[in-house]
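Visitor: The sequence and its predicted three-dimensional model are supplied below.
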Amino acid sequence: MWRLLWTIGFMASFLQTQRAAAANVLIHQGYFVEMSQMNCVGNPIYFTNINCKILPPLNRTMESSVELLKNLPTLSATLRVSLPNPKKVYTQIFAITFDVCKVIRERKRKMLIDFLVSTLARNSNVVMRCPFPKGNYYSKNISVTDLPPMLTENDFMAHFDIFIPKVAVVLNVTVRGHLFDTAKENARKKKYL
């Protein structure tokens with residue numbers, strides 16, 4: 001009987017250790033972004049006082065503020081990501097266009113879109129419903145981390161366009177930077193420290 005209890009206790013302890021090790025590995029998987037340039041351009045009919053910037057010293061977070069002059073009844077958005085080829089010419093690798101109001105309303109999202117919406121909801125005062133009311137909006141400490149492990153370390157350029165379908169582009173955000181693999185970055189730090 002004691003042997004059985006000891007074996008069960010040992011296995012439970014072993015599984016607990018393995019679960020902690022697996023959780024530790026999962027924490028260190030994924031990617032983070034270090035930004036080098038960010039531009040925000042708004043349509044003056046809809047936006048004023050646009051301010052967006054990358055926060056030093058690590059250039060891994062950004063913040064922005066804007067004044068929306070009119071209610072926006074419906075919005076769509078396009079996210080385009082480009083990577084440089086060996087000749088340093090950027091080539092678009094994917095583009096996603098989606099109805100912003102539908103995404104917010106239905107909560108059925110692709111992984112990358114879900115990441116964008118949840119990050120904005122968590123770190124800003126942006127109203128996550130349509131129509132978007134006029135007013136002053138800000139976002140603080142927006143960071144691009146914990147991206148899914150399906151990418152490779154590389155420079156990138158991302159364009160995020162928000163538009164009213166068949167009417168006008170209302171906002172464009174362009175970000176350049178470098179995508180780092182968290183595990184590789186941790187290994188590099190250990191090697192040199």
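Guide: Perfect, I can see it now.
Visitor: Would you map the strands across this structure?
Guide: 31-42, 47-55, 61-68, 76-84, 90-99, 135-143, 145-147, 154-164, 168-181 (DSSP state E).
Visitor: Compare those strands and say which comes out lowest on pLDDT.
Guide: Mean pLDDT is lowest for strand 145-147 among the strands of the chain, at a mean of 62.
Visitor: what's the distance between the closest residue to residue 75 other than its chain neighbours and residue 163?
Guide: Excluding the flanking residues, the one nearest residue 75 by CB to CB, 6 or more residues apart in numbering is residue 100, at 4.1 Å. (Each C-beta comes from the backbone N, C-alpha and C, glycine too.) For residue 100, the distance to residue 163 equals 10 Å [CB to CB, to the nearest Å].
Visitor: okay, and the common contacts of those two?
Guide: 75-77 (CB atoms under 8 Å, 6 or more residues apart in numbering).
Visitor: got those residues as CSV, with neighbour count columns?
Guide: What follows is those, written out as CSV (neighbours: other CB atoms under 10 Å):
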residue, neighbour count
75, 21
76, 17
77, 18
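Visitor: can you list the residues you listed in CSV and add distance to residue 121?
Guide: CSV is the format used below for the shared contacts of residue 100 and residue 163 (distance: CB to CB, whole Å):
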residue, distance to residue 121
75, 15
76, 18
77, 15
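Visitor: ok, so of these, who is nearest residue 177?
Guide: Nearest to residue 177, judged by CB to CB, of these is residue 77 at 19.7 Å.
Visitor: Model confidence at residue 115, what's the number?
Guide: As predicted, residue 115 sits at a pLDDT of 68.
Visitor: which ones are touching the residue most central in space within the chain?
Guide: The residue lying closest to the centre of the chain (CA atoms, centre = their mean) is residue 144, at 4.2 Å. Contact analysis of residue 144 by CB under 8 Å, 6+ apart lists 32-33, 60, 119.
Visitor: cutoff 7 Å now
Guide: When contacts are counted by CB atoms under 7 Å, 6 or more residues apart in numbering, residue 144 is found next to 32-33.
Visitor: How much space separates it from residue 138?
Guide: Per CB to CB, residue 144 is found 18 Å from residue 138.
Visitor: Same check on residue 63?
Guide: Between residue 63 and residue 138 the computed distance is 7 Å (CB to CB).
Visitor: out of the two, which sits in the more crowded spot?
Guide: Legend: neighbour count by other CB atoms under 10 Å for residue 63 and residue 138, higher for residue 63 (16 against 13).
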